[in-house]
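Colleague: Provided below for reference: sequence and predicted model.
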Amino acid sequence: MADEKTINLDDINYAVYKIGEWKNHYEINQIGLSREIPVTKNTITHIKFSMDEIRNSQFSISDRTVNGFVAIAMQLNPKVQEMELGEAIELEEKEYQNILSELDGLDVLSDDESIPLDGEEYLIYKLEKDCHVTTSLPANEFTQKFYDEELKRIEDALD
């Protein structure tokens, strides 16, 4: 295609991933349940920011204050529901530290590069701000198909 659109990898309006596996196994942190591995510095920054926002959300469960990841897991994940609350809190902290370590150790593409928007090598999401919430919208058909399959896989894993 002569008219093929590209995105620059330093564009903060896009998150770019490859399909892969995390090094560690995760039960609580939804980032680690996905097979989306970030490949740009901006995407890693966005993930860290999102994790911090979820972790900074506070909820009361059984007279204890927990962060958003623990609260979500206690509501949706049967494996976590079987845990003692203290055990879930400790596991979330361990998972958070492991994900930070994994993110910091990833090989990323150069900010100077660009990639085709409609390619099938990378998952590309358009980031849009709605008030103070950032939403990730699949930016091409390849990403939409993966996104739909990934949501189903995660839902099935939680059953």
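Modeller: Thanks, I have it.
Colleague: So which residue is dead centre in this structure?
Modeller: Taking C-alpha atoms, centre = their mean, the centroid of the chain lies closest to I31, which sits 3.6 Å from it.
Colleague: State the helix or strand in which it lies.
Modeller: For I31, the host element (DSSP states H and E) is helix 30-33.
Colleague: Any idea how far that helix is from the middle of the chain?
Modeller: Remark: helix 30-33 is offset 6 Å from the chain centroid, using C-alpha atoms, centre = their mean, to the nearest Å.
Colleague: residues in contact with that helix?
Modeller: 22, 24-26, 47, 50-51, 69, 72, 95, 98-99, 154, 157 (C-beta atoms under 8 Å, 6 or more residues apart in numbering). Any C-beta I mention is one placed from the backbone N, CA and C, and that applies to glycine too.
Colleague: just those now: which is nearest V133?
Modeller: Of all the contacts of helix 30-33, V133 sits closest to S50, with 10.1 Å by C-beta to C-beta.
Colleague: That closest one against T134, yeah?
Modeller: Yes: with contact defined as C-beta atoms under 8 Å, S50 counts as touching T134 (7.4 Å).
Colleague: State the mean pLDDT of the helix holding I31.
Modeller: Mean per-residue pLDDT for helix 30-33: 79.
Colleague: partner strands of the following helix or strand past that helix, parallel or antiparallel?
Modeller: Proceeding N to C from helix 30-33, the next assigned helix or strand is strand 36-38, under DSSP H and E. Here strand 36-38 has these sheet partners by DSSP bridges: strand 14-19 (antiparallel).
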